[in-house]
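1. what shape does this take:
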Amino acid sequence: MTFISKAITAVGGILLAHACYSAQEHSALQSFRATSGAALTSAPTTAVSLPLDIVLETIVSTFIILLGLVLVTRPLRPIQWREWAGKIEREGEEGFKDSNGEVNKDYIGNPFAIFESRPNFVDIRKQRKEFAQWVKKEGGQKAQ
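-> Okay, here's the model as predicted:
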């Protein structure tokens, strides 16, 4: 997908460069006409706007560039930390892969993992149940 988006952006850039060149040439031609016409007559000259085809080419090329840039962007991350951490807990590394299947460089893992490993955040009841199950299992094996 990145090749397609880069190609679309390049085509839009070429079109925009052509529109800019056309606008510059039109401006130079109009200024040349104004100076040569002023030498012949002393009538005041009026400003001429850009032709419609140059204006439309500029607008279309800008939208083509925007389309190419939008196709290559990654999905937006949640703004709130609790949503971000929830996505990490639910999806893990799989939730942060781009269109190529590679993990984004912004993925740093669970930002709250350090808090969950602290002793005052340990679930004592869960550990007590696990210990009781271990004792039952080990006690049953030693008695045999």
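2. so how far is residue 68 from residue 60?
-> Residue 60 is 13 Å from residue 68, where distance means Cβ to Cβ, to the nearest Å. Where you see a C-beta, it was placed from the backbone N, CA and C, and this is true even at glycine.
3. this structure: helices as residue ranges?
-> Assigned by DSSP state H, the chain shows helices spanning 2-40, 52-72, 81-91, 113-116, 124-143.
4. okay, those helices, which one's buried deepest?
-> helix 52-72 (a mean of 15; mean count of other Cβ atoms under 10 Å).
5. other SSEs contacting that helix?
-> helix 2-40 (3 or more Cβ pairs under 8 Å, 6 or more residues apart in numbering; DSSP states H and E).
6. before we move on, the earlier item: can I get the helices of the chain in CSV with mean pLDDT?
-> Shown next, in CSV, are the helices of the chain (pLDDT from 0 to 100):
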stretch, mean pLDDT
helix 2-40, 88
helix 52-72, 94
helix 81-91, 72
helix 113-116, 65
helix 124-143, 81
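7. and this protein, what are its domains?
-> Following automatic domain parsing, the chain resolves into domains at 2-73, 113-143.
8. of all those domains, which lies closest to residue 80?
-> domain 113-143 (16.9 Å; Cβ to Cβ).
9. hang on, residue 67 packs against residue 7?
-> No - under the criterion of Cβ atoms under 8 Å, residue 67 is not in contact with residue 7, lying 11.2 Å apart.
10. which residues do the two both contact?
-> Shared contacts of residue 67 and residue 7, defined by Cβ atoms under 8 Å, 6 or more residues apart in numbering, are absent.
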